[in-house]
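Undergrad: below is the structure, and that's it, no one-letter string:
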Ligand SMILES: Nc1ncnc2c1ncn2[C@@H]1O[C@H](COP(=O)(O)OP(=O)(O)OP(=O)(O)O)[C@@H](O)[C@H]1O
Ligand SMILES: [Mg+2]
């Protein structure tokens, strides 16, 4: 076994012993770090699920185009030809007013109402799928169609997509912001914990220095201490988020079912979990490093 | 091995602990520093181990000016010196074995070889059966011998001891003195600060009085 490995194992053992020496302090530190990290991690979990939901929703955003009620079939045919030739349009589906009427009549309760009307209230309509379904591109298409003759109304069915998109962007910003803020919190927690550790290990540090310990040797167990604290807090946060995912699974599933969607909420994925733990451990390490800079040099 | 060249040490706010001290200690020599309390014995040893820096003159150990060592090269000087401190500086939260293990951990010894050396050092000072004991459970003389074991486990070529026999009864003090004699016999340079005048009859004697060397 190499000297390097031996020294690191020794430092790790010492760090674990110091963590175990004050179990209550350790537990409280882990708790505060865990809760602090659970917020951004939970946000990330919800975000990943929302993205997943948005991704599996097959209803590609579409544009509905309604002819004027007075327009005849020839006008509609012209528009259809125009649409089919128009670049940026991927698919055009014509919905004749008679068909719409028949479909609506088959629906419960509407039949009497429609029968009472003197004329067919439904116009000819088209459902258009765009080649480029980004909200900006679809807005452009809709604006163009609105200028065409005998077109009464153009409706963008992608409004919700846009809203979801904006919401997800906001969510991502919020998660990053939370991550930064609470990451700083984590650094602060390890900073003060390590400060206490340095104070209680004064004798050990002094004696080690007198026996020829380098700064690196003295720092090492504290750095492990900080990293372990961060890692432990990260694990705790991971468990919290996983528990929240299980707990939310039924109510959220019921909620999205109202919108004809299915969602089985998942805990953090492998990559996100690994990132969480790495993030937690390195911030703990950083907090320890900053604390040692501050507290080790003074005699 | 050790050379003091017109060394003086003044502690703030103006206490002159040592003044204009010049002497030399050869390799493999056994020397005793005598002197009253406050004469400057501890200060002299601390200058050698670079625990303090001289305010004047130069302290050379193995040809190296220890007063001008950088912080990062200090540890390597200290690993070559075995030091027994006046206040012992044992760690009371770890066993006798772990106390003696510390210098080897610091130096990065392979654990197996280190454990053998620790046992050998404890045997040498007669604490072979007490390796699991915590320092608080050891008598004053045993603690003193534990401090010696820790100082020699690294097999230093220079051994500094500050009052290693203080508070010991005559028999125990003689035991401790014998241990130092053994290290001297195998070629270690030994420098001991003590009020006791008669413990090391054959040793070279340096007499300190108010920070000055009497000849
Ligand atoms: N850190 C310090 N700050 C200020 N003065 C000090 C310091 N250390 C020692 N002194 C003073 O320097 C003088 C020499 O002290 P030193 O400890 O070297 O004496 P000593 O010979 O070891 O005494 P003793 O036999 O009591 O241990 C004393 O007057 C002491 O008060
Ligand atoms: Mg003294």
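TA: Alright, I've got the coordinates. Just so we're clear, the structure is a prediction, and the values are computed from it rather than from any experiment. Numbers count the residues shown, from 1 in each chain, chains lettered A, B, ... in the order given. Ligands and ions are numbered 1, 2, ... in the order given.
Undergrad: helices along chain B, start to end?
TA: With DSSP state H as the criterion, chain B has helices at B:41-48, B:74-80, B:96-107, B:111-124, B:140-152, B:170-185.
Undergrad: among those, which comes closest to ligand 2?
TA: Of all the helices of chain B, it is helix B:41-48 that lies closest to ligand 2, at 3.0 Å by C-beta to the ion. Where you see a C-beta, it was placed from the backbone N, CA and C, and this is true even at glycine.
Undergrad: so the closest one, near ligand 1 or not?
TA: Yes - for helix B:41-48, a contact with ligand 1 is found by C-beta under 6 Å from any ligand atom, at B:41-43.
Undergrad: which residues does the residue of the stretch 101-250 of chain A found nearest ligand 2 contact?
TA: Per C-beta to the ion, residue A:210 is where the stretch 101-250 of chain A lies closest to ligand 2, at 15.3 Å. Contact partners of residue A:210, counting by C-beta atoms under 8 Å, 6 or more residues apart in numbering or on different chains, are B:49, B:51, B:78, B:83, B:85, B:89.
Undergrad: now neighbour count too, for these, in TSV please.
TA: Listed next are the contacts of residue A:210 as TSV, based on neighbours: other C-beta atoms under 10 Å in any protein chain shown:
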residue	neighbour count
B:49	22
B:51	17
B:78	23
B:83	24
B:85	22
B:89	16
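Undergrad: how much space separates the residue sitting nearest the centre point of chain A from chain B?
TA: Residue closest to the average C-alpha location in chain A (C-alpha atoms, centre = their mean): residue A:47, at 2.0 Å. Relative to chain B, residue A:47 is positioned 47 Å away (C-beta to the nearest C-beta, to the nearest Å).
Undergrad: and that residue, what does it touch?
TA: Residues near residue A:47 by C-beta under 8 Å, 6+ apart: A:168, A:171-172, A:175.
Undergrad: would you list the phi and psi of it?
TA: When read as degrees, to the nearest 10, the backbone of residue A:47 gives phi -60, psi -50.
Undergrad: quick revisit: and the helices of chain B as JSON lines, adding mean pLDDT?
TA: Output for these, formatted as JSON lines (pLDDT from 0 to 100):
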{"stretch": "helix B:41-48", "mean pLDDT": "96"}
{"stretch": "helix B:74-80", "mean pLDDT": "94"}
{"stretch": "helix B:96-107", "mean pLDDT": "95"}
{"stretch": "helix B:111-124", "mean pLDDT": "94"}
{"stretch": "helix B:140-152", "mean pLDDT": "94"}
{"stretch": "helix B:170-185", "mean pLDDT": "90"}
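Undergrad: quick one: pLDDT of residue 89?
TA: Went with chain A since none was named. Looking at residue A:89, its pLDDT is 87.
Undergrad: not quite, go with chain B.
TA: Listed pLDDT for residue B:89 reads 95.
Undergrad: repeat that for residue A:108.
TA: 63.
Undergrad: what about the stretch 1-150 of chain A, any weak spots by pLDDT?
TA: The model of the stretch 1-150 of chain A has pLDDT under 70 over residues A:1, A:55-60, A:107-109.
Undergrad: all strands of it, in order?
TA: Remark: strands assigned in the stretch 1-150 of chain A by DSSP state E, counting those that start in this stretch are A:62-67, A:89-95, A:125-130.
Undergrad: surely residue A:100 and residue A:127 touch.
TA: No - between residue A:100 and residue A:127 there is no contact under C-beta atoms under 8 Å: 11.4 Å.
Undergrad: rewinding a little: against residue A:11, how distant is the residue nearest to the centre of chain A?
TA: Taking C-beta to C-beta, to the nearest Å as the measure, residue A:47 falls 37 Å from residue A:11.
Undergrad: if we ignore the residues flanking it in sequence, what's nearest residue B:47?
TA: residue B:59 (5.0 Å; C-beta to C-beta, 6 or more residues apart in numbering or on different chains).
Undergrad: distance of that neighbour from ligand 1?
TA: Distance, residue B:59 to ligand 1, by C-beta to the nearest ligand atom, to the nearest Å: 14 Å.
Undergrad: tell me the spacing between the residue nearest to the centre of chain A and residue A:234.
TA: For residue A:47, the distance to residue A:234 equals 18 Å [C-beta to C-beta].
Undergrad: which one is residue A:165 nearest to, not counting chain neighbours?
TA: That would be residue A:135: by C-beta to C-beta, 6+ apart, it lies 6.6 Å from residue A:165.
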